[in-house]
Each structure stands twice: as C-alpha cells, then as structure tokens.
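Undergrad: structure for this input, please:
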Amino acid sequence: MTQLRKDIVSGDWIIIASGRAKRPHEEGNNLPLRVIAPENECPFEDVEKSGNEAPHAYYPHKRNWRIQVIKNKYPVVSHMSTCPTGSYEGPYETLRAEGHHELIITKDHRKNFAHLDGSDALLVFEAMKDRYYTIARDECVRYISLFHNWGPYAGASIFHPHYQVIALPVVPPDIHHSLQGSSLFFKEKNACVHCHVIAWEKKKGDRILFENEEVITLAPFFSRNPYEVRIFPKKHLSCFEESSQKVLHAIIFALQELLRRIEQKLHDPDYNFFIHTSPIKDKDSFHYYHWHIEIVPKINIRAGFELGTGIDINPVDPNEATALLR
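TA: The predicted model follows:
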C-alpha cells in the first residue's frame with residue numbers, strides 16, 4: 001500500500017511505496033563489491049608526507065596514537081581571523097565561507113566504525129567532543145556538523161575510514177527546520193517532540209530495532225530513505241557534547257551494532273551517519289531539542305519527482321525495515 005506520511009518534526013511529506021520495487025536487500029548481489037584501496041597509496045597512512053599539515057591532536061597520545069585530527073587539505077570552509085559579514089550582489093545575499101573543516105582519522109586502514117575495537121570507537125567520539133568544545137570557542141561559528149561518509153556512493157573520496165567536522169557561520173536549513181518543528185511542538189504540547197515519538201514507539205513496539213538502559217534505536221514512521229535508522233539517548237538532552245561517558249558508551253554500542261546489521265543484511269551498502277544537535281550559541285534557548293544520530297544507507301536514488309517536489313519516495317516500509325534489521 002502506498003501512503004503519504006507527514007514528518008512530525010519538519011512537516012515534510014514522504015511517500016511510503018513498499019510495493020513499488022524489489023526490496024534493496026533482494027538486489028544485494030547487484031551491488032558493486034567494495035574495493036579496498038592499497039595502503040601504500042593511501043594519503044592517510046602518512047598525512048604529512050601526502051601534503052597535509054601536521055596533526056593537531058592525537059588520541060590517546062602522540063607516541064602510540066589510534067586517532068589523529070588534521071585540517072582538511074581541501075576544506076569547504078576556511079578559518080579567517082575575522083568573522084564574515086553579509087553583503088549583497090544585487091538581490092542576492094552572500095557570506096564568506098568562514099569556518100573550520102577537520103578530519104578525524106583512525107589508524108586502521110581497513111576497519112570502518114562498525115568493526116573498530118570498542119576503545120577506538122570511544123576515542124572517535126571523544127575526539128568529536130573535544131573538537132566540538134574547542135571549535136565552539138570561535139565566536140564566528142554557529143553550528144558544528146559531525147558526520148561520516150562510508151563508501152563512494154556516500155561521498156567518501158578516500159577509502160581509509162575518517163570522520164568529518166565542519167563548523168559553519170550559519171545554522172543549516174535542515175537543522176533550522178528541525179528546530180522550528182521541535183519548538184512549535186513544545187509550544188503546543190509543552191513536550192519534546194522526539195520524546196513524544198519515543199514514547200509512542202515504545203508503546204507500539206513495531207519499529208524499535210535496539211534498546212538498552214540509555215538509548216533507543218528505531219526506524220522512523222516517516223522514514224525518507226530505505227532502512228533509515230535513528231539513535232536517541234533516552235534521557236532528554238539537547239546537546240551532543242554534554243553527553244556523559246555512560247551515554248556515549250551506550251550510543252557507540254548501538255551504532256556499531258546497527259552498522260553491522262546493515263552491512264550483513266543489506267550486502268554491505270555505502271552509508272552516511274551524522275549527528276543532529278543544537279546550535280552552539282544560546283544553548284538554553286534550544287532546551288526543547290533532542291540530539292540524535294541518523295544512519296542512512298545509500299540504496300535509493302532521488303529522481304525527478306523527488307527533486308521537483310521535495311517529497312521523497314521510500315520503497316521500503318519502516319516496519320519491513322525493522323523486521324529485517326532486528
């Protein structure tokens with residue numbers, strides 16, 4: 001059955017068209033095999049030799065590092081000594097692309113996040129938190145995006161696993177819409193919209209993939225993408241960087257577990273995962289928001305209808321996705 005579903009947070013409409021095509025996992029054998037790039041050609045085996053600046057952070061320490069942080073050699077934004085000011089070219093508003101773009105690189109050339117040792121996975125998140133706190137001191141920055149691209153279809157140009165930090169002088173549109181929707185729901189219901197969704201999903205139980213004392217993972221009722229998954233801390237918290245070690249351990253365990261299931265059940269697709277958190281300025285004003293992680297396997301292609309209308313078509317019912325990934 002085809003059904004239009006409204007995203008309770010953003011207000012966007014999504015079409016769930018589960019009978020429209022073969023399930024992606026049934027077509028898994030048609031996916032290209034993952035190509036492991038040779039280590040001796042990898043620019044992240046020796047970042048300075050390949051023309052990058054020296055790392056400015058190591059974890060746990062420089063001598064026996066497992067994680068290192070470098071500036072992106074090809075940044076989408078650049079750090080300047082002064083904050084950008086807006087200007088106009090006729091009717092068009094412009095702003096200098098001021099910010100920070102860093103890479104968090106793991107030592108192991110082959111192990112993606114799903115297969116990292118627990119200690120290394122924790123170091124990745126500790127590096128994210130540390131860089132977040134450090135960059136947040138820049139008065140020009142309004143939002144910090146933390147994300148991972150795995151595979152070329154997900155945007156990774158280098159095989160060696162790495163995680164990205166991009167700090168911007170603006171709040172991105174998707175985050176802005178999510179904040180607006182969360183704020184509106186809070187004003188109407190005096191409650192967090194994500195907490196409301198979590199409570200409903202726990203009651204129904206149809207779309208919960210994994211749950212422990214600290215976190216819950218689910219396939220959203222209004223999933224835009226096949227096998228889309230979200231991970232929430234159970235306790236309401238608006239800012240990722242304020243998460244306790246206990247919560248981070250639980251988040252990491254859930255994230256690795258779900259990524260392994262996606263790899264096994266969907267024949268190792270490329271994917272993105274990213275953190276949605278509050279903007280860094282005036283944090284108290286975003287108390288209604290609930291930070292979370294989204295995982296998006298790269299299975300579907302946005303075609304003319306999606307691009308022309310802004311309505312995504314998801315050929316996999318979230319209930320079916322849950323049944324496969326449980």
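Undergrad: for Ala17, what are phi and psi?
TA: phi -130, psi 70 (degrees, to the nearest 10).
Undergrad: grab the nearest non-local neighbour of it.
TA: Spatial nearest neighbour of Ala17, chain neighbours left out: Thr2 (4.6 Å); criterion: C-beta to C-beta, 6 or more residues apart in numbering. C-beta coordinates here come from the backbone N, C-alpha and C atoms, glycine included.
Undergrad: count the residues that sit near the one you found.
TA: 11 (other C-beta atoms under 10 Å).
Undergrad: just checking, it touches Ile16?
TA: Yes: between Thr2 and Ile16 there is a contact under C-beta atoms under 8 Å: 6.9 Å.
Undergrad: returning to what we had before: so who does the residue nearest to Ala17 touch?
TA: 15-20 (C-beta atoms under 8 Å, 6 or more residues apart in numbering).
Undergrad: quick check, nearest of these to Thr94?
TA: Thr94 has its nearest neighbour among the contacts of Thr2 in Ile15, at 35.5 Å by C-beta to C-beta.
Undergrad: listing partners with orientation, what would you give for the strand or helix carrying the closest one?
TA: Assigned by DSSP states H and E, Ile15 belongs to strand 13-17. Sheet pairing of strand 13-17 (DSSP bridges) gives strand 2-6 (antiparallel), strand 312-314 (parallel).
Undergrad: just those: most buried one?
TA: strand 312-314 (a mean of 21; mean count of other C-beta atoms under 10 Å).
Undergrad: list the helices and strands whichever helix or strand comes after that one packs on?
TA: Per DSSP H and E, strand 312-314 leads on to helix 318-325 as the next helix or strand towards the C-terminus. Helix 318-325 sits against strand 208-211, helix 245-265, with contacts defined as 3 or more C-beta pairs under 8 Å, 6 or more residues apart in numbering; DSSP states H and E.
Undergrad: where in the protein is pLDDT low?
TA: Residues of the chain that meet the criterion pLDDT under 70 lie in 20-31.
Undergrad: could you look up the SS state of the spatially most central residue of it?
TA: The C-alpha lying nearest the average C-alpha coordinate of the chain belongs to Phe274 (C-alpha atoms, centre = their mean; 0.7 Å). Put simply, Phe274 is strand when judged by DSSP: H, G, I helix; E, B strand; the rest coil.
Undergrad: go on, Arg230?
TA: Going by three-state DSSP: Arg230 is strand.
Undergrad: tabulate the CA atom coordinates of the helix or strand where Asp174 lies in CSV.
TA: Using DSSP H and E, Asp174 falls within helix 173-189. Taking Å, rounded to 0.1, in the frame of the first residue of the first chain, the C-alpha atoms of helix 173-189 are listed here in CSV:
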residue,chain,number,x,y,z
PRO,A,173,18.4,24.7,6.6
ASP,A,174,17.7,21.1,7.7
ILE,A,175,18.7,21.8,11.3
HIS,A,176,16.7,25.1,11.2
HIS,A,177,13.6,23.2,10.1
SER,A,178,14.1,20.6,12.7
LEU,A,179,14.5,23.2,15.4
GLN,A,180,11.4,25.1,14.2
GLY,A,181,9.3,22.0,14.3
SER,A,182,10.6,21.0,17.7
SER,A,183,9.9,24.4,19.0
LEU,A,184,6.4,24.6,17.6
PHE,A,185,5.5,21.1,19.1
PHE,A,186,6.9,22.2,22.5
LYS,A,187,4.8,25.4,22.5
GLU,A,188,1.7,23.4,21.6
LYS,A,189,2.2,20.3,23.8
